[in-house]
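1. I would like to see how this sequence folds:
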Amino acid sequence: MSIEIKDLVKTYGEQRAIDAISFQVGKGEIVGFLGPNGAGKSTTMKILTGYLGQDSGDARVCGLSVSAQPLETKKKIGYLPEANPLYPDMYVREYLEFIADVHHAADKKARIEAVIGLVGLTPESNKKLGQLSKGYKQRVGLAAALLHDPEVLILDEPTSGLDPNQIIEIREVIRNLGKDKTVLFSSHILQEVEALCDRVVIINKGKLVADSTLSALRQAGSNGNATIRVAFREPLDAAKLEALKHVDRVGRLGENEWELQTAAPDEVKKQLLELALQNNWNILTLQSENQSLEAIFRSLTK
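-> Residues are numbered from 1 along each chain as shown. Below you'll find the model as predicted:
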């Protein structure tokens with residue numbers, strides 16, 4: 001496993017910021033780390049990267065103990081903190097050269113140019129850091145995290161301050177990085193998590209409340225039910241829809257638009273198509289959806 005956390009505890013005074021959480025992340029996984037403000041996400045990431053020490057429990061990166069082998073684990077981690085610390089009077093390449101020297105990066109200049117291109121920094125690469133927008137400062141932070149070609153990336157709110165176009169670009173960078181690296185990232189933008197991750201870890205008030213694939217989480221959150229929305233060109237009697245197998249409830253959304261609750265969405269959609277064909281009806285729209293990640297997140301953390 002690239003990341004292993006077992007019974008991790010961190011206390012500030014009488015408050016348990018992290019309360020005996022455990023989870024693992026394998027190589028090549030992109031995992032969303034979610035929770036409301038103050039849940040303990042940043043604290044967990046700081047412990048994983050060696051910026052904070054835990055009170056008890058174990059944190060490992062690529063099989064190495066973060067507390068017992070701090071230098072070795074730091075070599076394997078690229079970290080972008082939520083508060084991205086930069087030197088405003090340094091130029092972009094000057095700053096990246098400084099970070100490359102810290103990591104003793106081989107073929108420094110070639111590596112710097114590679115990461116500048118990778119994160120889309122080229123148009124602003126001749127400016128001082130203090131002249132950059134928030135979005136480009138985030139790109140500099142991501143470039144610095146990638147300079148030493150780490151095996152594990154830990155990204156705390158990586159798209160914070162980016163406009164929609166920049167978010168899509170950084171999303172593609174993260175997705176490509178996830179092909180051969182382990183990525184653990186936190187975000188308050190749930191659409192971002194849905195676009196990038198197959199799996200999420202959710203904590204609330206320091207406790208682990210979910211560790212699951214998105215599909216399994218949606219299924220559990222909807223108690224196994226899905227919603228089907230169908231619109232016909234022609235008017236029809238609700239009894240026709242209620243008579244379909246596996247339909248638990250039928251509701252009217254509009255004049256000829258209906259909402260069906262079912263535990264077998266694929267079977268019900270098949271029946272709807274057959275019903276339309278038999279009665280010479282025209283289906284305008286037909287779609288099914290499980291409970292949204294936002295609704296599941298709210299139910300787990302409210």
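
2. which residue ranges form the helices in this protein?
-> 41-48, 70-75, 92-102, 108-118, 134-146, 164-177, 190-196, 214-221, 238-242, 265-279, 293-301 (DSSP state H).

3. Comparing the ones you listed by mean pLDDT, which bottoms out?
-> Mean pLDDT is lowest for helix 214-221 among the helices of the chain, at a mean of 71.

4. quick check: domain ranges of this structure?
-> The chain is divided into the following domains under automatic domain parsing: 3-219, 224-291.

5. right, so those domains: which one is the most enclosed?
-> domain 3-219 (a mean of 18; mean count of other CB atoms under 10 Å). Where you see a C-beta, it was placed from the backbone N, CA and C, and this is true even at glycine.

6. Start and end of stretch 101-111, how far apart?
-> By CA to CA, to the nearest Å, the extent of stretch 101-111 from end to end equals 12 Å.

7. about what we covered before: looking at the domains of the chain, which is nearest to residue 299?
-> domain 224-291 (8.6 Å; CB to CB).

8. picking that back up, out of the domains of the chain, which comes closest to residue 297?
-> Residue 297 sits nearest to domain 3-219 of all the domains of the chain, at 6.3 Å, using CB to CB.

9. residue contacts, residue 55?
-> By CB atoms under 8 Å, 6 or more residues apart in numbering, the contact list for residue 55 reads 9, 10, 11.

10. Who does the residue lying closest to it once chain neighbours are set aside form a beta bridge with?
-> Of all residues not flanking residue 55 in the chain, residue 9 sits nearest, at 4.9 Å (CB to CB, 6 or more residues apart in numbering). Going by DSSP bridges, residue 9 is paired in beta bridges with residue 19, residue 56.

11. Out of the helices of the chain, which is closest to residue 84?
-> Closest among the helices of the chain, using CB to CB: helix 134-146, at 4.0 Å.

12. Can you list the neighbours in contact with stretch 201-209?
-> 16-23, 31-36, 38-41, 44, 210-211, 297, 300-301.

13. still on that earlier bit, mind listing what the residue nearest to residue 55 touches?
-> Contacts for residue 9 (CB under 8 Å, 6+ apart) come out as 16, 18, 19, 20, 54, 55, 56, 57.

14. Save those residues as JSON lines, and put in pLDDT and distance to residue 76 too.
-> Shown next, in JSON lines, are the contacts of residue 9 (pLDDT from 0 to 100; distance: CB to CB, whole Å):
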{"residue": "16", "pLDDT": "91", "distance to residue 76": "28"}
{"residue": "18", "pLDDT": "95", "distance to residue 76": "22"}
{"residue": "19", "pLDDT": "94", "distance to residue 76": "27"}
{"residue": "20", "pLDDT": "94", "distance to residue 76": "25"}
{"residue": "54", "pLDDT": "94", "distance to residue 76": "18"}
{"residue": "55", "pLDDT": "94", "distance to residue 76": "24"}
{"residue": "56", "pLDDT": "94", "distance to residue 76": "23"}
{"residue": "57", "pLDDT": "95", "distance to residue 76": "20"}
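
15. For the closest residue to residue 91 other than its chain neighbours, list the residues it contacts.
-> Using CB to CB, 6+ apart and skipping the chain neighbours, the partner closest in space to residue 91 is residue 128 (5.5 Å). Going by CB under 8 Å, 6+ apart, residue 128 touches 88, 89, 90, 91, 92.

16. Any chance of TSV for the contacts of residue 9, columns distance to residue 72?
-> What follows is the contacts of residue 9, written out as TSV (distance: CB to CB, whole Å):
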residue	distance to residue 72
16	29
18	23
19	28
20	26
54	18
55	22
56	22
57	19
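
17. Any figure for the gap between the residue nearest to residue 91 and residue 89?
-> The gap separating residue 128 from residue 89 is 6 Å, by CB to CB, to the nearest Å.

18. quick one: average confidence on stretch 147-157?
-> 92.

19. Contacts for it next, please.
-> 2-3, 27, 41-42, 45, 48-49, 61-62, 75-82, 96, 99-100, 103, 105, 111-112, 115, 142, 145-146, 174, 177, 181-188.

20. can you rerun that using 7 Å?
-> The contact list for stretch 147-157, computed with CB atoms under 7 Å, 6 or more residues apart in numbering, reads 2-3, 42, 45, 48-49, 61-62, 75-82, 96, 99-100, 103, 105, 111, 115, 145, 177, 181-187.

21. Thank you, goodbye.
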